[in-house]
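Undergrad: How does the following fold in three dimensions:
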Amino acid sequence: MSKKNKIYWMEGATKKDIEGLLKNQGFNWLRSQRNRRIFVLGYALTLALVASGSYYKQFKEWFAVDSLIPLFVLIAITLLTLAGFSLLRVSVRGIAEAPDELLDERQRSIRNSNYRYSYLLLGYVVIVFMILLSIAPETRPFSEGEQGDASFVYISLLMTMASLPSMVMAWQERDI
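TA: This is a model prediction of the structure:
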């Protein structure tokens with residue numbers, strides 16, 4: 001691989017991918033602060049709905065039915081969550097995940113400031129998820145049988161942790 005298209009292993013992308021995202025003029029409708037805030041709220045609601053799947057026994061029993069409908073619903077939820085994550089990343093031009101050498105001083109400053117707030121906010125997010133798990137003491141991680149299955153809560157927590165820097169940046173910054 002040439003130096004022109006260096007692979008950034010921690011970011012999971014190549015230099016060409018990241019530079020393309022930083023210069024991308026598509027999705028300009030998503031880059032206004034108002035639209036980004038609406039999108040962040042919608043994505044947070046999607047993650048909350050994913051987490052709530054652990055608390056509805058009927059929802060989990062529905063997946064045991066011999067039908068393709070639950071499979072299609074699960075695929076739709078997965079695609080919606082991944083599309084939300086991808087669009088959120090595009091809305092902030094991937095600045096939250098870009099390596100230092102590809103960002104200018106202003107972008108690095110914005111990213112570092114937002115990572116600080118994301119880290120502080122992550123503490124509160126983890127507390128909320130711990131409360132969610134303690135509300136239903138019969139809910140255990142990936143369990144079967146009489147106990148509830150908390151797998152949707154964990155999936156939602158992981159997606160929240162992955163997208164929190166971009167969410168904070170999308171919410172706070174006036175111009176990206």
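Undergrad: which SS class is Asn114?
TA: helix (DSSP: H, G, I helix; E, B strand; the rest coil).
Undergrad: can you tell me which helix or strand the residue nearest to it when sequence neighbours are not counted belongs to?
TA: Leaving aside its chain neighbours, Asn114 sits nearest to Met169 (4.3 Å; criterion: C-beta to C-beta, 6 or more residues apart in numbering). Every residue, glycine included, has its C-beta placed from N, CA and C. Using DSSP states H and E, Met169 falls within helix 151-172.
Undergrad: Against which helices or strands is that helix packed?
TA: helix 33-52, helix 69-91, helix 105-135 (3 or more C-beta pairs under 8 Å, 6 or more residues apart in numbering; DSSP states H and E).
Undergrad: could you dump the ones you listed to CSV with mean neighbour count and mean pLDDT?
TA: Below are the helices and strands packed on helix 151-172 laid out as CSV (neighbours: other C-beta atoms under 10 Å; pLDDT from 0 to 100):
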stretch, mean neighbour count, mean pLDDT
helix 33-52, 16, 91
helix 69-91, 15, 86
helix 105-135, 14, 89
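Undergrad: export those helices to a markdown table and tack on distance to Thr160?
TA: Formatted as a markdown table, the helices and strands packed on helix 151-172 follow (distance: least, C-beta to C-beta, whole Å):
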| stretch | distance to Thr160 |
| --- | --- |
| helix 33-52 | 6 |
| helix 69-91 | 10 |
| helix 105-135 | 6 |
